[in-house]
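**Student:** Turn this into a model:
(one chain, ligands or ions: 7)
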Amino acid sequence: MRLVVLSFFIWGSLARSPSVTSVKSTRANTGTFWHLSDLHLDFYYNSAAADPSEVCPSSYGRKVENAGPYGNYRCDAPWKLINSTVYAMKEINSNPDFILWTGDDTLHTNDQDKYLSPQLVVEAIKNITDLLNEVFPDTAILSSLGNHDYHPKSQLPIGPSWLLNETADLWAPWFTDQSALDTFRENGFYRMSVTAHSDLNIISLNTPLLYTSNKAFNASAVEDPGGQFKWLEESLQNIRDLKQTAYLIGHVPPGYYELVDYKHWYYLQYNEKYINVIKKYSDVISGQFFAHQHSDTFRLFYSDSGAPLSVMWLAPGVTPWMTTLQGVNNGSNNPGIRLFEFDTVTFTPTDYEVYYLDLYKANSDNMATWKLEYRATEDYKISDISPTSMDKFMKAVASADPGCESCESNIMLQKLSLYNSVSYNTAHCDKTCQTNQVCAITEVSESGHDKCLRGAADKVKQTIAMMVVIFLCFFISS
Ligand SMILES: *[C@@H]1O[C@H](CO)[C@@H](O)[C@H](O)[C@H]1NC(C)=O
Ligand SMILES: *[C@@H]1O[C@H](CO)[C@@H](O)[C@H](O)[C@H]1NC(C)=O
Ligand SMILES: *[C@@H]1O[C@H](CO)[C@@H](O)[C@H](O)[C@H]1NC(C)=O
Ligand SMILES: *[C@@H]1O[C@H](CO)[C@@H](O)[C@H](O)[C@H]1NC(C)=O
Ligand SMILES: *[C@@H]1O[C@H](CO)[C@@H](O)[C@H](O)[C@H]1NC(C)=O
Ligand SMILES: [Zn+2]
Ligand SMILES: [Zn+2]
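**Tutor:** Ligands and ions are numbered 1, 2, ... in the order given. As a prediction, the model looks like this:
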């Protein structure tokens, strides 16, 4: 009888979503986990507002056209979109080994008390926590704080605060280890293993402390905020001694933004510290999972001799919000979520899929149909997602000629660029776009990134100089 009910249930859920392909891999020793990030709940969203500049405070007064039930590309996410996202995760894969949730839960606004307050920040986090518990009651959830999980935004202080106190209470049931909960309440970071995989240590970092927008303390005078780097190195050393594995999770990533020249997220001294930790402990770090940019991308870390050591995966955002950062043109994205596959013996991530909602279509259909956007190994034609494979892939992307329509490497570059906005921005990726993508992905350090951008600029100058010389030679000889 139970079997009949179960198979009916499975048939029922498949029948409801014919467009969703199941990820259930046939490979042995394969586990899965979701990475969910940047929900940015806009609880003021009102698609029926008479004045188009008053649909959502997150538009910063910009006119919002075609506001629909699931949100708008100029606004943060209404509850209906967030609810749809979490239920879509369940429909696509209801039994992941765990879920990573890397922060930013409130809307973008100026720091006006009118829209946000400490109470409202906590309430937004609570509502999302409740939703995850409702939909995934038996799944391990590992979370990190974002810069928008504080009021005023990005100003999380070092050490205890109302925010850490309240979120520690909300998330306490997810902690299987009292000392991890104590560390979190004290400092906003923690290390915890997933019950079913006791040799896999999830290290959740407090990255708002490293963020250039955080003015709650004088970063020039604080070498290691909250003693986090010291704690991180000690933890990684201990994990190495135990012959175990670590995943690093967090919100704000090190390195540079691919859509704005020279825009980095960490104070540069912390950026270097972070890179040095990765270089020193890459043997025990099997993956890094961050977000914050709302774009789907990744970062590569290399040894001093240029060997690929580690990949940091940056998850797309659920919010479609168009960034107001200067220099970005049309910087919205479709809502996206990432599903990883990993080897349950070595804990190596082996593949991932991105699922997304075509927001424009969802609004015009008044129905949210989440679909597979792409699968890394298939769409990027790589055998796995190891540092070596991603490095090889990026060498091809870097060598691509953006003008060659039928060239394999350019097809990869164009896919990388399209997926960056979760298939929102369909613009052609030209030489400048290519340089920015390549330099952001492969050069996380200040000096490496500057050299990469300048090298590309020098190449343009060299080409112009060569053309002038050829022209002059031709002119003189004729
Ligand atoms: C959330 O999504 C579920 C599944 O689609 C639906 O049954 C429920 O009504 C939704 N709730 C809200 C508040 O939108
Ligand atoms: C949280 O959910 C409650 C119950 O649905 C709702 O009344 C409240 O407005 C929500 N709070 C926020 C900040 O979204
Ligand atoms: C945290 O909560 C405890 C117990 O409610 C309280 O005594 C303490 O003052 C709070 N700390 C902060 C920084 O809010
Ligand atoms: C921050 O610390 C640096 C280094 O100690 C010091 O030179 C600077 O004056 C401080 N800035 C402020 C605003 O206190
Ligand atoms: C922004 O991108 C969308 C989707 O590609 C496109 O439809 C729209 O015309 C673009 N808007 C501007 C102002 O470029
Ligand atoms: Zn965000
Ligand atoms: Zn953020």
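**Student:** what's the distance between Trp428 and Ser417?
**Tutor:** Small correction: residue 428 is His, not Trp. Separation of His428 from Ser417 (C-beta to C-beta, to the nearest Å): 8 Å. Every residue, glycine included, has its C-beta placed from N, CA and C.
**Student:** low-scoring pLDDT stretches of the chain, where are they?
**Tutor:** For the chain, the stretches with pLDDT under 70 are 1-27, 460, 468-478.
**Student:** So which residues of this structure form strands?
**Tutor:** Secondary structure of the chain (DSSP state E): strands at 30-36, 98-101, 140-143, 190-194, 197-204, 245-249, 285-290, 297-302, 308-314, 336-343, 349-357, 370-375.
**Student:** separation between the residue nearest to Gln326 when sequence neighbours are not counted and Asn436?
**Tutor:** Of all residues not flanking Gln326 in the chain, Val260 sits nearest, at 7.4 Å (C-beta to C-beta, 6 or more residues apart in numbering). Val260 is 8 Å from Asn436, where distance means C-beta to C-beta.
**Student:** So for the two, which residue has more residues nearby?
**Tutor:** For Val260 versus Asn436, neighbours defined as other C-beta atoms under 10 Å are more numerous around Asn436 (21 against 16).
**Student:** how many neighbours does Thr30 have?
**Tutor:** Number of residues near Thr30 (other C-beta under 10 Å) recorded here: 17.
**Student:** got a list of what Met89 touches?
**Tutor:** If you count contacts by C-beta atoms under 8 Å, 6 or more residues apart in numbering, Met89 has them with Trp34, Leu36, Ile99, Val135, Phe136, Ile337.
**Student:** Within reach of ligand 6, which of these are there?
**Tutor:** The subset of these within reach of ligand 6, by C-beta under 5 Å from the ion, is empty.
**Student:** what sits against the one residue in the stretch 351-478 of the chain that gets nearest to ligand 4?
**Tutor:** Proximity of the stretch 351-478 of the chain to ligand 4 (C-beta to the nearest ligand atom) peaks at Glu446, 19.1 Å away. Going by C-beta under 8 Å, 6+ apart, Glu446 touches His264, Leu268, Asn271, Glu272.
**Student:** how about 10 Å then?
**Tutor:** Under the criterion of C-beta atoms under 10 Å, 6 or more residues apart in numbering, the neighbours of Glu446 are Gly255, Tyr256, Tyr262, His264, Tyr266, Leu268, Gln269, Asn271, Glu272, Ile275.
**Student:** show me the contacts for the fourth one.
**Tutor:** This means His264. Thr212, Pro253, Pro254, Gly255, Tyr256, Tyr257, Asn271, Ala440, Val444, Ser445, Glu446, His449.
**Student:** and the residue nearest to Ser193 when sequence neighbours are not counted, what does it touch?
**Tutor:** Leaving aside its sequence neighbours, Ser193 sits nearest to Asn201 (C-beta to C-beta, 6+ apart; 5.3 Å). In this structure, Asn201 makes contact with 191-194, 235-236, 238-239, 242, 244-248, 284-285, 347, judged by C-beta under 10 Å, 6+ apart.
**Student:** And the buried ones among the residues you listed, selectable in PyMOL?
**Tutor:** Burial among the contacts of Asn201 is assessed by 16 or more other C-beta atoms under 10 Å; the matching PyMOL selection reads:
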select buried, resi 191+192+193+194+235+236+239+244+245+246+247+248+284+285+347
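**Student:** related to what we said a few turns ago, higher neighbour count, His428 and Ser417?
**Tutor:** Set His428 next to Ser417 and count neighbours by other C-beta under 10 Å: Ser417 wins out with 22 against 12.
**Student:** Could you report the distance from the more buried one to ligand 5?
**Tutor:** 12 Å (C-beta to the nearest ligand atom, to the nearest Å).
**Student:** what's across from Gly31 in the sheet?
**Tutor:** Applying DSSP bridges to Gly31 gives these bridge partners: Phe342.
**Student:** quick one: it and Thr346 touch, right?
**Tutor:** No. When contacts are counted by C-beta atoms under 10 Å, Gly31 is not listed as touching Thr346 (11.0 Å).
**Student:** More neighbours: those two, which one.
**Tutor:** Between Gly31 and Thr346, counted using other C-beta under 10 Å, the more crowded position is Gly31 (21 against 12).
**Student:** Who are the contact partners of that one?
**Tutor:** Residues in contact with Gly31 (C-beta under 10 Å, 6+ apart) are 25, 96-98, 194, 196-197, 200, 340-345, 347, 349-350.
**Student:** Just the buried ones out of the residues you listed, please.
**Tutor:** Burial by neighbour count, judged by 16+ other C-beta under 10 Å, picks out 96-98, 194, 197, 200, 340-344, 347, 349-350 from those.
**Student:** Residue numbers of this structure in contact with ligand 1?
**Tutor:** Lys80, Asn83, Ser84, Tyr87 (C-beta under 6 Å from any ligand atom).
**Student:** and which of those residues is nearest ligand 2?
**Tutor:** Nearest to ligand 2 among these, with distances taken as C-beta to the nearest ligand atom, is Asn83, at 10.5 Å.
**Student:** hmm, back to that, just give me the closest of the contacts of Glu446 to Pro316.
**Tutor:** Using C-beta to C-beta, Gly255 is the member of the contacts of Glu446 that lies nearest Pro316, at 16.7 Å.
**Student:** What is the burial count for the closest residue to that closest one other than its chain neighbours?
**Tutor:** Leaving out its chain neighbours, the residue that sits closest to Gly255 by C-beta to C-beta, 6+ apart is Val444, at 3.7 Å. Using other C-beta under 10 Å, Val444 has 24 other residues around it.
**Student:** Next: Asp51.
**Tutor:** A count of nearby residues for Asp51, using other C-beta under 10 Å, gives 8.
**Student:** coming back round to it: same list (the contacts of His264) but as TSV, adding distance to Ser53.
**Tutor:** Shown next, in TSV, are the contacts of His264 (distance: C-beta to C-beta, whole Å):
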residue	distance to Ser53
Thr212	30
Pro253	32
Pro254	36
Gly255	35
Tyr256	33
Tyr257	27
Asn271	38
Ala440	33
Val444	39
Ser445	42
Glu446	39
His449	37
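**Student:** quick one: which of those sit in helices?
**Tutor:** Asn271, Ala440, Glu446, His449 (DSSP state H).
**Student:** What about those residues, which one has the most neighbours?
**Tutor:** In the ones in helices among the contacts of His264, the most neighbours by other C-beta under 10 Å go to Ala440, 27 neighbours.
**Student:** Point out the residues in the stretch 201-350 of the chain that sit beside ligand 5.
**Tutor:** Counting by C-beta under 6 Å from any ligand atom, the stretch 201-350 of the chain sits next to ligand 5 at Asn330.
**Student:** ok, the closest residue to ligand 2 within the stretch 251-400 of the chain to ligand 4 distance?
**Tutor:** Nearest residue of the stretch 251-400 of the chain to ligand 2: Thr319, at 14.2 Å (C-beta to the nearest ligand atom). Distance from Thr319 to ligand 4, counting by C-beta to the nearest ligand atom: 33 Å.
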